[in-house]
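Undergrad: no sequence on this one, just coordinates:
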Ligand code: PDD
């Protein structure tokens, strides 16, 4: 069965799915995106993802390409047509196709929308989480509006590549003052020796991750305290547990930072507990 993508109102074979060469996403990274987890046949936290999409679009003054209700149907349909039970759904909206010019195109130019879905093996993810991952740190070099989920991800791409070449799984952006911003595609958390969960406040310095928000709900349910504040790399290296959150990994334990073992070199009980109840706490939208 061929993979199917949704492109500007049509379901097309994935291998033929394309946008025009003068799409502003292609030429200027003038667009935004969302990635939602699909688990056990449900879209996880769709309302929060679409609320964040709405915010990203407003911040950049890009219109909705279609109604929210129609977008939800298209997302579900792409998941369904690709027989995805566990995996992710990706959607991208750009300012549309117009002759190359930095200023916004005429008002009649319609935003472009692309939706794809792909399977992932939950067992492979669980196996990774059982071991934990290693990360390297890189100096923050992104623009100030990383709270907007734009497709302009070149620093993130370079950071991830640097991690790979260093034999690590991921990279964290560190501010000039030594505080931890976030991962190349995730938010960062520590568990202090007093069992307090700490993650950076969601100001304009990080993306307000949907998984991050739901993990705050999970912590409440588990009776854990959460502090949203700056923390330094030194504090992370000394923490009881370290983990990262994103729609593609949920809570992923970190056991090594810049080649030094952290958190005893093993995933911790709090991270495990969060992983175990996350799906129950999250919003679930049926796809089949
Ligand atoms: N990335 N910070 C950054 C820079 C991200 O790119 C992401 C997500 C997150 C976590 O957000 P959420 O919990 O909503 O997934 C934080 C997605 C998964 C990606 O680019 O593939």
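TA: Now that the structure is in, tell me what you want to look at. Since the model is a prediction, treat every value here as computed from it, not as a measurement. Numbering: from 1, shown residues only.

Undergrad: can we go C-alpha only for contacts and neighbour counts from here?
TA: Noted.

Undergrad: am I right that residue 140 is in contact with residue 173?
TA: Yes - here residue 140 reaches residue 173: they are 4.8 Å apart, a contact under CA atoms under 8 Å.

Undergrad: between those two, who's got more neighbours?
TA: Using other CA atoms under 10 Å, the more surrounded residue of residue 140 and residue 173 is residue 173, with 24 against 20.

Undergrad: so what's that one bridging to?
TA: residue 138, residue 182 (DSSP bridges).

Undergrad: my guess is it contacts residue 186. True?
TA: No - the criterion here is CA under 8 Å, and residue 173 misses it with residue 186 at 10.5 Å.

Undergrad: contacting residues around whichever strand or helix holds residue 126?
TA: Taking DSSP states H and E as the criterion, residue 126 maps to helix 122-131. Outside helix 122-131, the residues that touch it by CA atoms under 8 Å, 6 or more residues apart in numbering are 86, 87, 249, 251, 252, 253, 266, 267.

Undergrad: tell me how far residue 164 lies from the ligand.
TA: 16 Å (CA to the nearest ligand atom, to the nearest Å).

Undergrad: quick check: residues of the stretch 1-150 of the chain near the ligand?
TA: residue 35 (CA under 6 Å from any ligand atom).

Undergrad: do a quick rundown of the strands in the stretch 1-150 of the chain.
TA: 4-7, 10-13, 31-39, 42-44, 87-94, 112-119, 133-139 (DSSP state E, counting those that start in this stretch).

Undergrad: want to throw these into a markdown table with mean neighbour count?
TA: Formatted as a markdown table, these follow (neighbours: other CA atoms under 10 Å):
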| stretch | mean neighbour count |
| --- | --- |
| strand 4-7 | 24 |
| strand 10-13 | 15 |
| strand 31-39 | 23 |
| strand 42-44 | 24 |
| strand 87-94 | 22 |
| strand 112-119 | 23 |
| strand 133-139 | 21 |
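
Undergrad: so which of the ones you listed is nearest residue 167?
TA: Checking the strands of the stretch 1-150 of the chain against residue 167 by CA to CA gives strand 133-139 as the closest, at 8.4 Å.

Undergrad: that older thread, any residues in contact with both of residue 140 and residue 173?
TA: Joint contacts of residue 140 and residue 173 (CA under 8 Å, 6+ apart) are residue 181.

Undergrad: appreciated, that's everything.
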